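Participant: predicted structure and sequence below. I'll ask about it afterward.
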2 protein chains.
Amino acid sequence: METSDNATAAEETTPEPERTGIAAQDWATASAVPQYRAAVVDLLGALAYGELAAFERLADDAKLAPSLEDKAELAKMASAEFHHFERLRDRLAQIDAEPTAAMEPFAKALDDFHHQTAPSDWLEGLVKAYVGDSIASDFYREVANHLDSDTRSLVLSVLDDTGHGNFAVEKVRAAIEADPRVGGRLALWARRLMGEALSQAQRVVAERDALSTMLVGGVDGVAAGFDLAAVGEMFTRITKAHTKRMAALGLAA
Amino acid sequence: METSDNATAAEETTPEPERTGIAAQDWATASAVPQYRAAVVDLLGALAYGELAAFERLADDAKLAPSLEDKAELAKMASAEFHHFERLRDRLAQIDAEPTAAMEPFAKALDDFHHQTAPSDWLEGLVKAYVGDSIASDFYREVANHLDSDTRSLVLSVLDDTGHGNFAVEKVRAAIEADPRVGGRLALWARRLMGEALSQAQRVVAERDALSTMLVGGVDGVAAGFDLAAVGEMFTRITKAHTKRMAALGLAA
């Protein structure tokens, strides 16, 4: 398994961007700006609920596993997502945010996404885990560049690949080799996943002022947020990485 | 929360029984008897699959949780069960047993049990986790007394309470206090669980020669297995502990 199969948007960016504004500060300094603080609580809340939802989804997918080894592999990933959740929840508590209150605004969008995209079989589950997690991970990595150093290192550490990338690529490619028609069905499925993910993401951004202000235009002119052109570039990078990943799966994007 | 609420059959036994026969040996010595070796592979296989099934069940129950905190609590327990599974699987591999082959003979009985006793709500799920795990744990603790020292310490360590005991007791008692009729329904439910558990256990024992020979009568006169009178005493202790636990929940056994 070549690791180059797992394209990430990060490969398209310069390895170590120069840190300015809030990105050059630690949490103690950066959190003095109330709007930045609120944006980080939102971000960690969204990420924490996402990990808990990922735990549930992977545990559910484990039931569809064709073998005991596959079941154990998915249970392992689920467990890894849970430990990420724990770290994010503990961090929220540490910065005096109520973890449940921080997560709740994002519960409906994520639950709706998972409800709209419940996989009907093992392969759809794998594609969803791979495509969905990769896009979410690319997005959070981009955002991490604009965060204070403490929040950034936490976010990057919970995005560490829990290993489903390679596992999914291997299984999906083998299934398409065995029956090429599977490829067409899964390509359609991946496109539906992208559509649903974008529509839910849009809803969240529209509802969460602090978060979207941080993402577009920065906070009070202090935070190094994205300007609109930068948002466009970010989506281009994420889309490129998605196309590469689809190719790695043997699917047309 | 008083820990005395969590009765275990172990409380009924002497704290440190005198070790004789295989129970006084380590794995390297004890495993020279092929029938004992086969029985341990069976036991670890059954336990490993049980942990994996418990992971799935708790992850499923997490969906029924009335709050995000409760959901996180169940996800934590599920994750703990998964780590127990990993240790058992690794041990099977270490003693040159194929983990999947060791687990498979027990998959159907455990799947059937969980299928027959799918909880219809959050409280039924909690009672099942508490009653089911406690009985299984009592049983394995009794068996552990008859195992070689290495296998015994592994078995005892994966039976360490993952914390759902206190959590379930607290939640179920509060629900019964709020609405006493709940108690009657849950008492019936617990009796059904006991019945299903016994019928599946019986099936497994009937099918697995090495395991049941170890449990009743010992292996080749070498292992310190139970004689039939001892089996009777064991069931008495387990039943007593179950009755105590039901009382702790506020339910008639």
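Facilitator: In hand now; what should we look at?

Participant: rest of the way, CA atoms for contacts and neighbours
Facilitator: Fine.

Participant: the inter-axis angle of the helix or strand where A:Glu69 lies versus helix B:68-94?
Facilitator: Per DSSP states H and E, A:Glu69 falls inside helix A:68-94. Our comparison of helix A:68-94 with helix B:68-94, counting by axes from the mean of the first three to the mean of the last three CA atoms, to 10 degrees, yields an angle of 140 degrees.

Participant: quick check: phi and psi at A:Gln25.
Facilitator: Note on A:Gln25: backbone dihedrals following degrees, to the nearest 10 are phi -110, psi 160.

Participant: just checking, it touches A:Asp148?
Facilitator: Yes - applying CA atoms under 8 Å, one finds A:Gln25 in contact with A:Asp148, separated by 5.3 Å.

Participant: so which bits of the least confident helix or strand in chain A by mean pLDDT are buried?
Facilitator: Taking mean pLDDT, DSSP states H and E as the measure, the helix or strand of chain A with the lowest value is helix A:209-215, at a mean of 75. Using 16 or more other CA atoms under 10 Å in any protein chain shown as the test for burial, helix A:209-215 gives A:Ala210, A:Leu211, A:Ser212, A:Thr213, A:Met214, A:Leu215.

Participant: is chain B contacted by the longest helix seen in chain A?
Facilitator: Here the longest helix in chain A is taken by residue count, with DSSP state H as the criterion, and it is helix A:34-62. Yes - in terms of CA under 8 Å from any CA of the partner chain, part of helix A:34-62 sits within range of chain B, namely A:Leu52, A:Phe55, A:Glu56, A:Ala59, A:Asp60, A:Ala62.

Participant: excluding chain neighbours, what is closest to the last one?
Facilitator: I take that to be A:Ala62. In space, not counting the residues next to it along the chain, A:Ala62 is nearest to A:Lys71; the distance is 4.8 Å by CA to CA, 6 or more residues apart in numbering or on different chains.

Participant: for that neighbour, the count of nearby residues, please.
Facilitator: 20 (other CA atoms under 10 Å in any protein chain shown).

Participant: do A:Ser157 as well
Facilitator: The burial count assigned to A:Ser157 is 12, neighbours taken as other CA under 10 Å.

Participant: please apply the same query to A:His115.
Facilitator: With other CA under 10 Å as criterion, A:His115 counts 10.

Participant: of the buried residues of helix A:209-215, which are in range of chain B?
Facilitator: Within the buried residues of helix A:209-215, nothing lies near chain B by CA under 8 Å from any CA.

Participant: wait, A:Leu58 sits on A:Ala78?
Facilitator: Yes - with contacts defined as CA under 8 Å, A:Leu58 counts as touching A:Ala78 at a distance of 5.2 Å.

Participant: and the two? Which one has more around it.
Facilitator: Neighbours around A:Leu58 and A:Ala78, counted as other CA under 10 Å, are more numerous at A:Ala78. The numbers are 32 against 25.

Participant: could you find the closest non-adjacent residue to that one?
Facilitator: A:Phe55 (4.4 Å).

Participant: and A:Trp122, by the same measure?
Facilitator: Leaving aside its sequence neighbours, A:Trp122 sits nearest to A:Leu64 (CA to CA, 6+ apart; 5.2 Å).

Participant: for that neighbour, phi and psi?
Facilitator: Note on A:Leu64: its backbone torsions stand at phi -80, psi -10 [degrees, to the nearest 10].

Participant: so for it, what pLDDT did the model give?
Facilitator: Predicted confidence (pLDDT) for A:Leu64: 90.

Participant: how about A:Pro15?
Facilitator: pLDDT recorded at A:Pro15 is 56.

Participant: same check, this time on A:Ala9
Facilitator: Note for A:Ala9: predicted pLDDT of 53.

Participant: tell me which parts of the stretch 1-150 of chain A are close to chain B?
Facilitator: With the criterion set to CA under 8 Å from any CA, the stretch 1-150 of chain A comes near chain B through A:52, A:55-56, A:59-60, A:62-63, A:68-69, A:72, A:75-76, A:78-79, A:82, A:100.

Participant: tell me the buried residues within those residues.
Facilitator: When neighbours are counted using 16+ other CA under 10 Å, those contain these buried positions: A:52, A:55-56, A:59-60, A:62-63, A:68, A:72, A:75-76, A:78-79, A:82, A:100.

Participant: which two from those end up farthest apart in space?
Facilitator: Spatial extent of those (CA to CA) is set by the pair A:Leu68 and A:Thr100 at 34.4 Å.

Participant: list the buried residues in stretch A:166-183.
Facilitator: So for stretch A:166-183, counting by 16+ other CA under 10 Å, buried means A:Asn166, A:Ala168, A:Val169, A:Lys171, A:Val172, A:Arg173, A:Ile176, A:Val182, A:Gly183.

Participant: using the three-state scheme, assign the first one.
Facilitator: So the one you mean is A:Asn166. The local conformation at A:Asn166, judged by DSSP: H, G, I helix; E, B strand; the rest coil, is helix.

Participant: tell me the angle the longest helix of chain A makes with helix B:34-62.
Facilitator: Taking the same axes, to 10 degrees, helix A:34-62 and helix B:34-62 form an angle of 130 degrees between their directions.

Participant: pull out the buried positions in helix A:34-62.
Facilitator: Burial within helix A:34-62, assessed by neighbour count using 16+ other CA under 10 Å, is assigned to A:35-62.

Participant: before we move on, what about stretch A:182-195?
Facilitator: A:Val182, A:Gly183, A:Leu186, A:Ala187, A:Trp189, A:Ala190, A:Leu193, A:Met194.

Participant: CA-only coordinates of it in CSV, if you can.
Facilitator: Provided in CSV are the C-alpha atoms of stretch A:182-195 (Å, rounded to 0.1, in the frame of the first residue of the first chain):
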residue,chain,number,x,y,z
VAL,A,182,-19.4,-1.7,-8.5
GLY,A,183,-17.3,1.3,-9.5
GLY,A,184,-20.1,3.1,-11.2
ARG,A,185,-22.5,2.7,-8.3
LEU,A,186,-19.8,3.8,-5.7
ALA,A,187,-18.9,6.8,-7.8
LEU,A,188,-22.5,8.0,-7.8
TRP,A,189,-22.6,7.4,-4.0
ALA,A,190,-19.4,9.5,-3.5
ARG,A,191,-21.0,12.4,-5.4
ARG,A,192,-24.1,12.2,-3.3
LEU,A,193,-21.9,12.3,-0.1
MET,A,194,-20.1,15.4,-1.4
GLY,A,195,-23.5,17.1,-2.1
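
Participant: what's next to it, contact-wise?
Facilitator: A:117, A:123-124, A:127-128, A:131-132, A:175-176, A:250-253 (CA atoms under 8 Å, 6 or more residues apart in numbering or on different chains).

Participant: now the two most distant members of the buried residues of stretch A:166-183.
Facilitator: Greatest spacing in the buried residues of stretch A:166-183, by CA to CA: A:Asn166 and A:Val182 (18.9 Å).

Participant: ok so, going back, helices or strands next to the least confident helix or strand of chain A in the packing?
Facilitator: Using 3 or more CA pairs under 8 Å, 6 or more residues apart in numbering or on different chains; DSSP states H and E, the elements in contact with helix A:209-215 are helix A:34-62, helix A:181-207.

Participant: quick check: chain neighbours aside, which residue is closest to the closest residue to chain B within chain A?
Facilitator: Chain B sits closest to A:Ser79 of chain A, with a gap of 5.0 Å, by CA to the nearest CA. For A:Ser79, ignoring the flanking residues on the chain, the nearest one in space by CA to CA, 6+ apart is B:Ser79 at 5.0 Å.

Participant: wait, what's in contact with the one you found?
Facilitator: A:Ala78, A:Ser79, A:Phe82, B:Phe55.

Participant: what pLDDT does the third one get?
Facilitator: Spelled out, it's A:Phe82. Reading off the per-residue confidence, A:Phe82 sits at a pLDDT of 95.
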